[in-house]
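Engineer: Just to be clear, the model below is a prediction. Sequence and coordinates:
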Amino acid sequence: MEPITPYNTTESKKEQVAQMFDNIAFRYDFLNSLLSLGIHKGWRRKCIKRIASKNPKYILDVATGTADFAIEAITLSPVSVIGIDISEGMMKFGREKITKLSLDKKITLKYGDAETCDLPSNSMDAITIGFGVRNFENLEKGLTNILRILKPGGQLCILEFSSPRKFPVKQFYNFHFKYITPTLGKLFSKDTRAYTYLPESIKAFPDNERFTAILQKVGYKNASFSPVGMGLASIYLAEK
């Protein structure tokens, strides 16, 4: 199956995704809150609570974007949080937020992706990914590399959109993503493809049981998922 990409160009998925997020970075946080009615913030807090019991001191946030997950992770009192992303445009806004919150000594953002990140093996207590795993160019390769980086016993926590299956959430979801999301995305971000790519990438993503099976296949232990937002997204937990 051909990978779902933002644009119909010859560039790799990674290059197209980076371009897309650079294009919409200036409106990303605003549209995120508008389209989700702010619910995504509560989902992130739930994720951070799920990894709190192991008291992680070194945390990696993959596909950090504008650093919301990295900033939320500070509530765990870590020694440091590293955020990586392929969009310099998104990280520019993330760094501004970090500076405004005086978290520069705790959070570092740098260019990178799950597949090629060269952080030392067994160096992170926890790894988080918020709404970014479906954008991996090679899903299994990315998951395998961050498993390498995770310490034995360390936790992976992923928050990702899923496709609702129950009435009436499924019907609302289909209407929202077919009409409301592309319209508002085009109006505010000026990128006509970014917010039609979103539902396409969600539909193509192997969510819930299929994704936990992939986690187990590449070597994670105790992989599980729990739906949030009546099935609009899921929180995945796994260990090394």
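Structural biologist: Okay, I see it.

Engineer: Roughly how far does F188 sit from D22?
Structural biologist: The spacing between F188 and D22, counted by C-beta to C-beta, to the nearest Å, is 16 Å. Placement of C-beta: from N, CA and C, glycine included.

Engineer: swap that for S162, sorry
Structural biologist: Summarising the geometry, the distance separating S162 from D22, computed by C-beta to C-beta, is 26 Å.

Engineer: Settle this for me: S121 is touching R148, isn't it.
Structural biologist: Yes. Counting by C-beta atoms under 8 Å, S121 does reach R148; the two are 5.1 Å apart.

Engineer: before we move on, back to that, more crowded one of S162 and D22?
Structural biologist: In this comparison of S162 against D22, neighbours counted by other C-beta atoms under 10 Å, the higher total goes to S162 at 22 against 16.

Engineer: I'd guessed the more buried one sits against P206; true?
Structural biologist: No. Using C-beta under 8 Å as the test, S162 is too far from P206 to be in contact (9.9 Å).

Engineer: Show me the longest strand that occurs in the protein.
Structural biologist: Looking only at the chain and at elements set by DSSP state E, the strand with the highest residue count is strand 150-161.

Engineer: Okay, now the unreliable bits of the protein?
Structural biologist: Filtered on pLDDT under 70, the chain yields the residue ranges 1-2, 35-37.

Engineer: Helices along that one, start to end?
Structural biologist: Along the chain, the segments classed as helices by DSSP state H run 13-36, 39-50, 68-72, 88-100, 139-149, 169-175, 181-189, 194-204, 209-218.

Engineer: which one of those helices is the most hemmed in?
Structural biologist: When you average the neighbours per residue for each of the helices of the chain (mean count of other C-beta atoms under 10 Å), helix 68-72 leads with a mean of 23.

Engineer: contacting residues around that one?
Structural biologist: Contacts with helix 68-72, where a contact means C-beta atoms under 8 Å, 6 or more residues apart in numbering, come from 29, 41, 44-45, 47-48, 59, 61, 64, 81, 83, 94, 97-98, 101, 103, 107, 109, 128-130, 159.

Engineer: again, 6 Å this time
Structural biologist: Among residues not part of helix 68-72, those counted as contacts by C-beta atoms under 6 Å, 6 or more residues apart in numbering are 44, 48, 61, 64, 81, 83, 107, 128, 130.

Engineer: what's the closest of those to N174?
Structural biologist: Distances from N174 to those, taken as C-beta to C-beta, are shortest for G130 (23.4 Å).
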